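1. Make a model of this:
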Amino acid sequence: MKRQVLRLSILALCGIIVLGLAALLPNAGGKPQVAEAQTGCWAGQFFNNNNFIGSPTATTTCDTAIGFNYGTNGPAQLPGVVDNFSIRWTSSQILPTAGLYTFRVTVEDGVRLTVGGQTIINQIGPELNTPTTYDGPYTNTIPGQSVNITLEYQALTGAAHVALSWFTTGTATATPSTTSVWNVEYFNNTSLLGTAVAFSQVTTDALNINWDVTAPAIGVPADAWSARFTKVIDFGAGGTFRFEGRVDDIFTVRLDGTPIIASTPYWQEFLYNATIQVAGGQHTLTIEMADFERQAYLQFTWFAVNAQGTPVSGTATSGTPGVTGITGTVNANVGLNFRQSPSTTATKLALLPKGATYPVVGRSADGVWAQLNVNGQIGWSLSQWLVFTGDFNSVPVTDGGTSQAQATAGPTPTPTPIPGGVQVRAVGNVRIRSCPSTRCARLSYVPWGTQVIALGESNDKRWIKVRYNDPRKGEVVGWSLKAWYFNNDFSLPLPELPTLSS
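-> Numbers count the residues shown, from 1 in each chain. Predicted coordinates:
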């Protein structure tokens, strides 16, 4: 009789546990999701801080599954530590089928999950009072392949709980960019070294963040920090896309790991851009930036263009002011002068406030000036202080083909052919001058990403002599600031160049 009562008591207790789990787990009342078995071992690293900093205090070599409820006691691997600890588990797991997987983490407090090199859940930082469930999608393309998985768990105060599972949810589908967030990692150095000390997410596609002189996140200094922004984007059927951005101080933009934009290592409010062919489907966009001192900001966007490089939505008519489909937003802290003609000596019509946006109706031939429609009045402002919604270089030239900058340059000299040299790539719209000084006449300008031949450098190593095939003028030989050129793979330093006289 006692055995029968004991058996009934055990069955009743199991029923209570099952009902309790059904109340906690999502979709418990609906169609059940069958979790796949976790294979192999999980290697664990245990830290006595909540930011995965330094060497782990303890390690494990073979946790068979991630499913731990530490309550208010903390893990046995960290004796006496009940709050503010972190754990990183890594494993290679077999995903038996191809298609779309859902990875589910139930956690209290923070978690970041990376599957196959993609961060699909990033919820580091929030203080939670109860276990919360997060889902992240992952498309497995090869059935039966081994996929590297990293789960980083952050315990703050109170109870601690973490559990991981995954299951198939259908055939492979692309995740649209509107549902993919930017995952942001912050480092307390300017080189992205070591372990990130803070994390955040940005839900918008285009980035427009101005930290000014403040710290970007808790635990990060106001100066001398770096950040990595990562986003998975669905480019649909693919095509030609334009990528544009501004930064203070420097950044490198990579698409699937390949650099497409690399800024000059100097403080310049310059619009960097790249127009490239992108294959259809999902691609990973990464922006790595660094702030050295004082102000910091990051602006970045992308859009489809046609074969001529004009935004798909643009309606530009060459040579006459009109509707271009492109706007410019003032990005000068003290405001931007709006002038009657494209010259710094022209009559000033107004001072445009920072943040104000106006239609762009034209540009100067050298790209230095933008023609704006300010409440019905047409005038000119320096383009480097404007953030454009589209490809500024596709805007029609409306200064008669000769801007003020070109007018002062005088006639283009016939270049003397110089043999040899090495190929380099411009990382901005770079001016070519008649001698190695900003006081020398402007001969031409090299658009971003264009390859030129570097023939030599000046005595002070600040200028390089380049040969450029200008589509409007033919071959031009002159001097450009060395800081605006990288190697063809966007790397530094440039190869050693002979010293040339002007």
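2. Can you report how many residues lie near Gly257?
-> Gly257 has 8 neighbours, counted by other Cβ atoms under 10 Å. All C-beta spots, glycine's among them, are computed from the backbone N, C-alpha and C.
3. Equivalent analysis for the one 4 residues further on, please.
-> By other Cβ under 10 Å, the residues close to Ile261 number 24.
4. give me every residue that touches Trp89.
-> Trp42, Ala43, Gly44, Gln45, Asp63, Ile66, Thr150, Leu151, Glu152, Tyr153 (Cβ atoms under 8 Å, 6 or more residues apart in numbering).
5. Most neighbours out of those, which is it?
-> Tyr153 (30 neighbours).
6. Could I get the contacting residues of that residue?
-> Ser86, Ile87, Arg88, Trp89, Val107, Gly110, Val111, Val162.
7. Using JSON lines, lay out these together with secondary structure.
-> Formatted as JSON lines, these follow (DSSP: H, G, I helix; E, B strand; the rest coil):
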{"residue": "Ser86", "secondary structure": "strand"}
{"residue": "Ile87", "secondary structure": "strand"}
{"residue": "Arg88", "secondary structure": "strand"}
{"residue": "Trp89", "secondary structure": "strand"}
{"residue": "Val107", "secondary structure": "strand"}
{"residue": "Gly110", "secondary structure": "strand"}
{"residue": "Val111", "secondary structure": "strand"}
{"residue": "Val162", "secondary structure": "strand"}
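8. would you turn those into CSV with pLDDT and distance to Ala198?
-> Listed next are those as CSV, based on pLDDT from 0 to 100; distance: Cβ to Cβ, whole Å:
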residue, pLDDT, distance to Ala198
Ser86, 93, 13
Ile87, 95, 18
Arg88, 95, 16
Trp89, 95, 21
Val107, 91, 18
Gly110, 86, 11
Val111, 89, 15
Val162, 93, 20
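9. List buried members of these by neighbour count.
-> Neighbour-count burial (16 or more other Cβ atoms under 10 Å) applied to the contacts of Tyr153 gives Ser86, Ile87, Arg88, Trp89, Val107, Gly110, Val111, Val162.
10. Tell me what the last one is bridged to.
-> Beta-bridge partners of Val162, counted by DSSP bridges, are Phe68, Val107.
11. was I right about it contacting Val111?
-> Yes - the pair Val162 / Val111 is scored as a contact, 6.8 Å apart, by Cβ atoms under 8 Å.
12. Ala483 should be in a helix, yeah?
-> Yes - counting by three-state DSSP, Ala483 is part of a helix.
13. From Asp366, how far off is it?
-> 19 Å (Cβ to Cβ, to the nearest Å).
14. If you count surrounding residues, which of these two has more?
-> Applying other Cβ under 10 Å to Ala483 and Asp366 shows that Asp366 carries more neighbours, namely 21 against 17.
15. and that one, helix, strand or coil?
-> Assignment for Asp366 (three-state DSSP): coil.
16. mind checking how far it is from Arg439?
-> 17 Å.
17. Same question for Asn129.
-> 65 Å.
18. Look at those two and report which has more neighbours.
-> Between Asn129 and Arg439, counted using other Cβ under 10 Å, the more crowded position is Asn129 (10 against 6).
19. Pop the domain breakdown of this structure in here.
-> 34-170, 177-305, 327-407, 409-502 (automatic domain parsing).
20. how much space between Pro495 and Trp369?
-> 35 Å.
21. More neighbours: which of these two?
-> Trp369 (27 against 9).
22. thought that one was touching Asp399?
-> Yes - between Trp369 and Asp399 there is a contact under Cβ under 8 Å: 7.1 Å.
23. Need the overlap of contacts for the two.
-> Common neighbours of Trp369 and Asp399, counting by Cβ under 8 Å, 6+ apart, are Pro342, Arg363.
24. tell me the pLDDT at Thr173?
-> pLDDT for Thr173: 33.
25. let me fix that: Asp249
-> Looking at Asp249, the pLDDT reads 82.
26. Now the buried ones among the contacts of Tyr153 in a markdown table, please, with extra columns for distance to Asn487.
-> Below are the buried ones among the contacts of Tyr153 laid out as a markdown table (distance: Cβ to Cβ, whole Å):
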| residue | distance to Asn487 |
| --- | --- |
| Ser86 | 39 |
| Ile87 | 42 |
| Arg88 | 36 |
| Trp89 | 40 |
| Val107 | 44 |
| Gly110 | 40 |
| Val111 | 40 |
| Val162 | 45 |
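27. Out of those, which comes closest to Leu78?
-> Within these, the smallest distance to Leu78 is 8.9 Å, found for Ile87 (Cβ to Cβ).
28. Just give me the residue closest to the centre of the chain.
-> In the chain, the centroid-proximal residue (Cα atoms, centre = their mean) is Ile287; its distance is 2.8 Å.
29. Chain neighbours aside, what residue packs nearest to that one?
-> Setting aside the residues directly before and after it, Ile287 is nearest to Phe229 in space (Cβ to Cβ, 6 or more residues apart in numbering), at 4.2 Å.
30. If that neighbour is in a bridge, with which residues?
-> Beta-bridge partners recorded for Phe229 (DSSP bridges): Val184, Ile287.
31. what sits against it?
-> Contact analysis of Phe229 by Cβ under 8 Å, 6+ apart lists Trp182, Asn183, Val184, Val202, Leu207, Thr286, Ile287, Glu288, Met289, Leu298.
32. and the residue lying closest to the fifth one once chain neighbours are set aside, how many residues sit next to it?
-> The one in question is Leu207. Spatial nearest neighbour of Leu207, chain neighbours left out: Phe300 (4.4 Å); criterion: Cβ to Cβ, 6+ apart. For Phe300, the count of nearby residues is 24 (other Cβ under 10 Å).
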